[in-house]
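**Q** What follows is a predicted structure for the sequence shown.
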Amino acid sequence: MSYKLFIPGPIAVSEKTLRAMAQPMIGHRSTDFVALYQAIQPKLQSLFATKDPVYLSTSSAWGVMEGAVRNLTRKKVLNCMNGAFSDKWNDVALRMGRAAGALKFEWGQPVDPDALRRELSTGAYDTVTLIHNETSTGTMSDLPAIAAVLREFPEVISIVDTVSSFSVLPIEKDALGIDVIITGSQKALAMPPGLALVSVSKRALERAAQSPDRGYYFDFIEFQKNHEQGMTPSTPVIPLIYALKSKLEDIEAEGVATRHARHLRLNEAVRAWGQAKGFKLFPEPRYGSRSLNCFANTLGYDLAALNKTLKSKHHLVIDGGYGKLKGKTFRISNMGDETDDTIAQLIAALDSALVTTPKVVA
Ligand SMILES: Cc1ncc(COP(=O)(O)O)c(C=O)c1O
């Protein structure tokens with residue numbers, strides 16, 4: 001049975017994007033590949049708002065999230081933790097044997113710039129990781145305010161995960177002075193999973209060059225050397241790069257500002273629907289994500305039953321809560337190619353399905 005994904009990644013992929021993938025293979029050392037790589041590079045740099053290169057990694061985002069720490073942390077990394085993915089980054093750093101500090105916030109709280117400043121002032125750290133949009137809780141931190149703090153500590157390299165916010169709202173890499181920005185293909189770019197994008201600053205490359213144990217597959221220096229030739233270090237996922245080219249053309253045709261406005265409008269439509277029904281947003285509304293809405297299940301619905309009806313009768317699925325929030329929250333994505341019409345259809349389906357959904361909590 002086919003159904004449409006309104007979970008916060010992977011999300012629905014258009015026929016056009018799928019068709020773009022179905023093209024004959026080319027050699028990854030051929031002039032055709034170099035032309036493909038070089039055609040998309042300026043579009044990517046424009047979307048990242050950076051003059052830095054944007055590398056294409058054949059992996060999910062975690063590959064480069066782990067790789068960035070491996071490349072850049074010599075002394076100690078500070079992991080800002082406010083949800084499932086940012087918490088795990090600390091675990092990943094420790095598993096690699098890196099010294100790692102934990103700056104913890106309650107799930108549903110954003111990263112607090114003042115707390116970050118206090119911790120960095122200890123001088124213990126040479127790297128920071130943070131997640132702009134914690135998908136697990138639908139919480140978006142104030143990146144410009146955080147970036148302003150990070151600029152006070154020029155010895156600290158910043159690694160920012162924009163996996164579920166990239167292309168949803170403006171993220172001005174160079175203006176903010178962020179060293180490394182990471183995203184993945186299966187979220188707002190509305191492509192299948194398997195490709196991660198990472199833009200790396202010059203000073204981050206200089207740090208990486210001094211790191212003796214960068215490994216190979218995610219070595220930023222290898223990425224840079226190959227980038228200069230219009231290539232990737234190893235055989236990349238060429239079908240996804242075809243899809244990326246097609247998607248970047250779509251974004252250009254829509255206009256980035258129009259795209260951002262569309263995401264905001266659709267996000268507010270879903271938020272208004274949920275709040276009118278009596279659900280509370282899980283984070284404080286001013287920190288609510290713009291690519292998804294995470295609602296607290298304040299009305300006590302049986303979310304598994306809700307999703308069963310949505311899937312069987314309306315051919316779509318939402319998310320019933322991530323990790324320790326399973327059953328307690330539900331998440332609805334407005335990323336990618338959604339329109340006023342498709343969001344209106346989703347809302348109508350939710351309204352209809354809720355009528356027959358039992359409540360598990362009195
Ligand atoms: C904010 C964020 N970071 C990282 C990841 C991990 O991405 P992947 O599973 O593609 O490696 C996710 C996945 O949902 C995410 O939402």
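**A** Perfect, I can see it now.
**Q** okay, now Gly108: neighbour count?
**A** Gly108 has 22 neighbours, counted by other CB atoms under 10 Å. Any C-beta I mention is one placed from the backbone N, CA and C, and that applies to glycine too.
**Q** what sits against it?
**A** By CB atoms under 8 Å, 6 or more residues apart in numbering, the contact set of Gly108 is Asn82, Gly83, Thr137, Thr139, Phe282, Pro283, Glu284.
**Q** mind listing which of those residues are in helices?
**A** Using DSSP state H, no member of the contacts of Gly108 sits in helices.
**Q** Of those residues, which is the most crowded?
**A** Thr137 (30 neighbours).
**Q** Phi, psi for that residue please.
**A** phi -120, psi 0 (degrees, to the nearest 10).
**Q** what pLDDT does it get?
**A** For Thr137, the model assigns a pLDDT of 98.
**Q** same question, Thr129
**A** What the model reports as pLDDT for Thr129 is 99.
**Q** between the contacts of Gly108, which is nearest Ala353?
**A** The nearest member of those to Ala353, counting by CB to CB, is Phe282 at 20.3 Å.
**Q** Distance-wise, check the closest one relative to Gln109.
**A** To Gln109, Phe282 is 11 Å away according to CB to CB, to the nearest Å.
**Q** Same check on Leu47?
**A** Taking CB to CB, one finds Leu47 at 29 Å from Gln109.
**Q** what about those two, which has more around it?
**A** The residue with more neighbours, out of Leu47 and Gln109, is Leu47; 22 against 17, by other CB under 10 Å.
**Q** Hmm, the more buried one is touching Ser167, no?
**A** Yes: between Leu47 and Ser167 there is a contact under CB atoms under 8 Å: 6.2 Å.
**Q** just the contacts of Gly108 now: which is nearest Pro239?
**A** Gly83 (31.3 Å).
**Q** Quick one: residues contacting the closest one.
**A** Gly83 is in contact with Trp107, Gly108, Ile131, Glu134, Thr135, Ser136, Thr137, Thr139, counting by CB under 8 Å, 6+ apart.
**Q** Using TSV, please lay out those together with distance to Ala100.
**A** Output for those, formatted as TSV (distance: CB to CB, whole Å):
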residue	distance to Ala100
Trp107	19
Gly108	23
Ile131	15
Glu134	18
Thr135	21
Ser136	19
Thr137	21
Thr139	22
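**Q** Of the residues you listed, which belong to strands?
**A** In this view, those that belong to strands under DSSP state E are Ile131, Glu134, Thr139.
**Q** The first one pairs with what?
**A** Same thing as Ile131. Taking DSSP bridges as the rule, Ile131 bridges to Asp161.
**Q** Let me see the contact set for it.
**A** Here Ile131 is in contact with Cys80, Asn82, Gly83, Phe85, Ser86, Trp89, Ser141, Val160, Asp161, Val163 (CB under 8 Å, 6+ apart).
**Q** how much space between the nearest residue to the third one once chain neighbours are set aside and Phe279?
**A** It stands for Gly83. Nearest residue to Gly83 in three dimensions, chain neighbours excluded: Glu134, at 3.4 Å (CB to CB, 6 or more residues apart in numbering). Note on Glu134: its distance to Phe279, by CB to CB, is 19 Å.
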